[in-house]
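A.B. asks: I need the structure of the sequence given here:
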Amino acid sequence: MMGKNGGACRRSQALRTAPLHTELTRRFRVIHPFHPLCSHEYEVLEFRRDWGRDYVAFYDESERVVTIPIVWTDLAGEGDPFVVLSGRRAYFRPDDLLALVDIIESNRPSVGNGNAEGGPRNV
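C.D. replies: Predicted coordinates for the structure are as follows:
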């Protein structure tokens with residue numbers, strides 16, 4: 001077998017780092033109380049991010065591709081202890097709010113007070 005540059009292609013013996021499709025197969029449940037598919041379970045087709053929001057795509061019973069926000073499923077908040085413990089009721093995580101404070105303070109113009117040189121922040 002010849003490669004692009006005319007050289008022989010060698011089969012890579014390297015360890016794969018990406019999981020096989022069968023390892024990615026996951027199921028989820030629609031949990032939005034007013035969604036017509038609430039409590040139905042589906043297999044994930046793919047994850048998407050559009051306009052800053054996360055979506056999950058799946059095949060419905062009619063074999064049509066359906067895309068819904070991840071927050072309408074039981075996939076939302078997996079792996080984030082704050083989201084799980086807050087019951088998905090908080091709009092912002094404390095770490096993100098503290099990072100925002102740091103950004104705002106670093107962009108604030110210097111003032112003539114004694115703490116303008118970047119002293120410690122009172123939290």
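
A.B. asks: measure Leu98 to Ile104 for me?
C.D. replies: 11 Å (CB to CB, to the nearest Å). Heads up, the C-betas are built off the backbone N, CA and C, glycines and all.

A.B. asks: Kindly report the same for Ser62.
C.D. replies: Ser62 is 49 Å from Ile104, by CB to CB.

A.B. asks: Look at those two and report which has more neighbours.
C.D. replies: Neighbour comparison, Ser62 and Ile104: the larger count goes to Ile104, with 9 against 6 (by other CB atoms under 10 Å).

A.B. asks: Does that one lie in a helix or a strand, and which?
C.D. replies: helix 94-107 (DSSP states H and E).

A.B. asks: just the CA coordinates of that helix, formatted as PDB?
C.D. replies: Taking Å, rounded to 0.1, in the frame of the first residue of the first chain, the C-alpha atoms of helix 94-107 are listed here in PDB:
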ATOM      1  CA  PRO A  94     -19.400  30.100  43.100                       C
ATOM      2  CA  ASP A  95     -16.000  29.500  41.400                       C
ATOM      3  CA  ASP A  96     -17.200  31.200  38.200                       C
ATOM      4  CA  LEU A  97     -18.500  34.200  40.100                       C
ATOM      5  CA  LEU A  98     -15.100  34.500  41.900                       C
ATOM      6  CA  ALA A  99     -13.400  34.300  38.600                       C
ATOM      7  CA  LEU A 100     -15.600  37.100  37.300                       C
ATOM      8  CA  VAL A 101     -14.800  39.300  40.200                       C
ATOM      9  CA  ASP A 102     -11.100  38.800  39.500                       C
ATOM     10  CA  ILE A 103     -11.600  39.800  35.800                       C
ATOM     11  CA  ILE A 104     -13.600  42.900  36.800                       C
ATOM     12  CA  GLU A 105     -11.000  44.000  39.400                       C
ATOM     13  CA  SER A 106      -8.100  43.400  36.900                       C
ATOM     14  CA  ASN A 107      -9.800  45.700  34.400                       C
END
